[in-house]
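In: Fold the following for me, if possible:
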Amino acid sequence: MQKQINLIVKASIFAALLTAPLLFNVDSAQAKLKICNETNETRDVAIGYKTGEGWVSEGWWGIIKGDCTTVIKDDLTSRFYYYRAKHRGGDFDGERYNFCTDSKAFTIIGDKDCKKRGYKVEDFRQLKLAKGTTGFTLTLDNTTIYSASKEVAKNTEPGTTPEPEVKTSPEPAAQNVGPGAPSGTHGEPYSIRAVLKGCDRVDGLLWCTFMADGWSYVVKDDGKSHSHILQEIDALPLNGTYDLSGDMIFYSGKSADITIREYAPAQSSSNTKSNSAAPGTYGETYDEIAIFKGCDRIDGLLSCNFEANGGRYIIFDDGKTNETLLNQVDGLSINSRYRILGDVHNYGDITFEVTLREYQDMGDNADQLRMNRLVGLWRSMDDPSSTIRFFDDYKKFDYYNGDLSSEGAVSFTTTCNDSSVRETGTSFLQIQDGPEDYYCYEVIENTEDKLVLMYLPRGNFLEYEKDLGLN
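Out: So this is what the prediction gives:
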């Protein structure tokens, strides 16, 4: 199972493979990524790729019919690049790889919070290169026929061009792309152990969300997974741990859309001790009220961190703590209070390596009441395509046109962690999107059907109405 979990982390950098009608050519000349246009109209092209600073999107290059443009002049260092090639008066059929764009020439670092930063969100396709490719020419063509799932650009000797593989049969209508489709039909196959966080209806479709390794995995009743599987999952208990397998359709940030082919309740491995082991089995017992700081992987093993009384309590997936219990902890709300009990089996000055036998949510009643009022789906009154959803486990998810765009941990505080707002006695709503990414809001109004937030410190108002039909 550990190997399967490692595979999904690697698989998170994949999604559905190239579907555009394209010619592939490994370019041995100086131009490293060149795009040629052999369609019947001018194409406005933008690209996306990953650097040490994160995801970058650039555009636009206007490429007229029969012309070529070099969009990256340096050696290609990644196997994955993304592009959008729209034409005036027409649309572009992307593969749900979202990047930030602008109507004018742009270079944008980061693929999150596009609209908050004044950009648009647009759909790109993926270009997957063979290992070792440093130069490549991508030719847009109206008639070249390629498989819709697994075409990869091939390396060739310098000065040669690979012949495109032409699929003459079967007819597209004969392909099985529904729930019973073969593994890999909708994206890279995966297997993972994850915690169920719940199911809801969004735009009339049932969505179920799982959490694992800090990622959220969403499966939708969109025809790619069996409806009866979604209905069964909808009836499962929250925070249960399950082994899932299927295809990864799309990912962005730390969120992914998936299909589910099979699922089963997770079984602890044979070398995992039960969390019912007697107190003191592994060392001196402890009982602390602690703040949960999140989970990470170290040398392939999950480790979860709590802080209490100036000390740091670390729980490793080392066989001493029940694996299912540890996976549940991975889905807890960061910066929330829990009572944790177990044994201390190693310690330093301020660091304690511990087992976990039991945990209890110690969130304060006032905060829980505030959270309960927020729970549900809210639609922006300024942009109906933008929705946010709060869950009672102090999680917030952002969607745009029904696609998950970001997520964060919810907390209530009298002073924001980004120091933009000083302590005033008011309880602010704080969203943590990452280790150092905080967004602070004052809740101006929160009724049964309306939510008004003031974004701090800028002071602009965000108004939402509750989508009662989808809650």
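
In: ranges for the strands of the stretch 251-400 of the chain?
Out: Assigned by DSSP state E, counting those that start in this stretch, the stretch 251-400 of the chain shows strands spanning 255-258, 262-265, 284-298, 301-308, 311-316, 337-347, 351-354, 358-361, 376-380, 386-391, 395-400.

In: Ser227: which of the ones you listed is closest?
Out: Closest to Ser227 of the strands of the stretch 251-400 of the chain, according to Cβ to Cβ: strand 262-265, at 14.1 Å. Every C-beta, even on glycine, is put in place using the N, C-alpha and C of the backbone.

In: I'd like to know which elements that closest one is packed against.
Out: On a contact count with 3 or more Cβ pairs under 8 Å, 6 or more residues apart in numbering; DSSP states H and E, strand 262-265 meets strand 241-252.

In: Which elements pack onto the strand it packs on?
Out: With contacts taken as 3+ Cβ pairs under 8 Å, 6+ apart, strand 241-252 sits against helix 2-11, strand 97-101, strand 188-202, strand 255-258, strand 262-265, helix 323-330, strand 403-413.

In: Format the CA atom coordinates belonging to the third one as PDB.
Out: What follows is strand 188-202, C-alpha atoms only, in PDB (Å, rounded to 0.1, in the frame of the first residue of the first chain):
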ATOM      1  CA  GLU A 188      -3.100   8.400 -15.400                       C
ATOM      2  CA  PRO A 189      -4.200   5.300 -13.300                       C
ATOM      3  CA  TYR A 190      -3.800   5.700  -9.500                       C
ATOM      4  CA  SER A 191      -4.300   3.800  -6.200                       C
ATOM      5  CA  ILE A 192      -4.400   5.700  -2.900                       C
ATOM      6  CA  ARG A 193      -5.600   5.400   0.700                       C
ATOM      7  CA  ALA A 194      -7.700   8.400   1.500                       C
ATOM      8  CA  VAL A 195     -10.200   9.800   4.100                       C
ATOM      9  CA  LEU A 196     -13.800  10.600   3.000                       C
ATOM     10  CA  LYS A 197     -14.700  14.200   3.800                       C
ATOM     11  CA  GLY A 198     -18.300  14.000   2.500                       C
ATOM     12  CA  CYS A 199     -20.500  14.300  -0.600                       C
ATOM     13  CA  ASP A 200     -22.700  17.200  -1.900                       C
ATOM     14  CA  ARG A 201     -24.500  18.200  -5.000                       C
ATOM     15  CA  VAL A 202     -22.900  21.000  -7.100                       C
END
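
In: what's downstream of that strand, the next helix or strand?
Out: Next along the chain after strand 188-202, taking DSSP states H and E as the criterion, comes strand 205-212.

In: And whatever helix or strand comes next after that following strand, what's buried?
Out: Next helix or strand after strand 205-212 toward the C-terminus (DSSP H and E): strand 215-220. Under the neighbour-count criterion of 16 or more other Cβ atoms under 10 Å, strand 215-220 has 215-220 buried.

In: same thing with stretch 190-202?
Out: Under the neighbour-count criterion of 16+ other Cβ under 10 Å, stretch 190-202 has 190-200, 202 buried.

In: so Ile388 touches Tyr400, yeah?
Out: No - in this structure, Ile388 is not within contact of Tyr400 by Cβ atoms under 8 Å, at 10.2 Å.

In: Pick out whichever of these two has more residues nearby.
Out: Ile388 (22 against 17; other Cβ atoms under 10 Å).

In: how close does that one sit to Glu463?
Out: For Ile388, the distance to Glu463 equals 12 Å [Cβ to Cβ, to the nearest Å].

In: Need the residues touching each of the two.
Out: Residues touching both Ile388 and Glu463 (Cβ atoms under 8 Å, 6 or more residues apart in numbering): Ser380.

In: hey, what's the most centrally placed residue in the chain bridged with?
Out: Geometric centre of the chain, nearest residue: Ser255, 1.2 Å, by Cα atoms, centre = their mean. Bridge pairing for Ser255 (DSSP bridges) gives the partners Ser216, Ser252.

In: how much space between Phe136 and Tyr286?
Out: Taking Cβ to Cβ as the measure, Phe136 falls 56 Å from Tyr286.

In: Check Gly310 too.
Out: Gly310 is 14 Å from Tyr286, by Cβ to Cβ.

In: the more surrounded of these two?
Out: Neighbours per residue, other Cβ under 10 Å: of Gly310 and Tyr286, the larger number sits with Tyr286, 20 against 6.

In: Return the residues in contact with the more buried one.
Out: Each residue near Tyr286 by Cβ under 8 Å, 6+ apart is listed here: 313, 340-344, 352, 354.

In: and if you look at Ser386?
Out: Residues near Ser386 by Cβ under 8 Å, 6+ apart: 115, 379-380, 398-400.

In: so which two of those are the farthest from each other?
Out: Lys115 and Arg379 (14.3 Å).

In: residues near the residue nearest to Asn346 when sequence neighbours are not counted, how many?
Out: For Asn346, ignoring the flanking residues on the chain, the nearest one in space by Cβ to Cβ, 6 or more residues apart in numbering is Glu353 at 4.0 Å. Using other Cβ under 10 Å, the number of residues around Glu353 comes to 20.

In: surely Glu353 meets Ile314?
Out: Yes - applying Cβ under 8 Å as the test, Glu353 and Ile314 come out as touching, 5.4 Å apart.

In: follow-up on the earlier one: I figured the residue nearest to the centre of the chain was touching Asp403, is that so?
Out: No - the criterion here is Cβ under 8 Å, and Ser255 misses it with Asp403 at 9.0 Å.

In: Counting neighbours, what do you get for Tyr119?
Out: Based on other Cβ under 10 Å, the number of other residues close to Tyr119 is 19.

In: follow-up on the earlier one: run through the residues that contact the residue nearest to the centre of the chain.
Out: By Cβ under 8 Å, 6+ apart, the contact list for Ser255 reads 215-218, 404-407.

In: what do you get for Trp378?
Out: Counted by Cβ under 8 Å, 6+ apart, Trp378 has contacts 387-390, 451, 464-467.

In: ok, those vs Tyr439, which is closest?
Out: For the contacts of Trp378, the nearest to Tyr439 is Ile388 (11.5 Å; Cβ to Cβ).

In: Does the closest one have any beta-bridge partners, and if so which?
Out: On the basis of DSSP bridges, Ile388 is bridged to Trp378, Asp398.

In: per-residue confidence at it?
Out: Predicted confidence (pLDDT) at Ile388: the value is 94.
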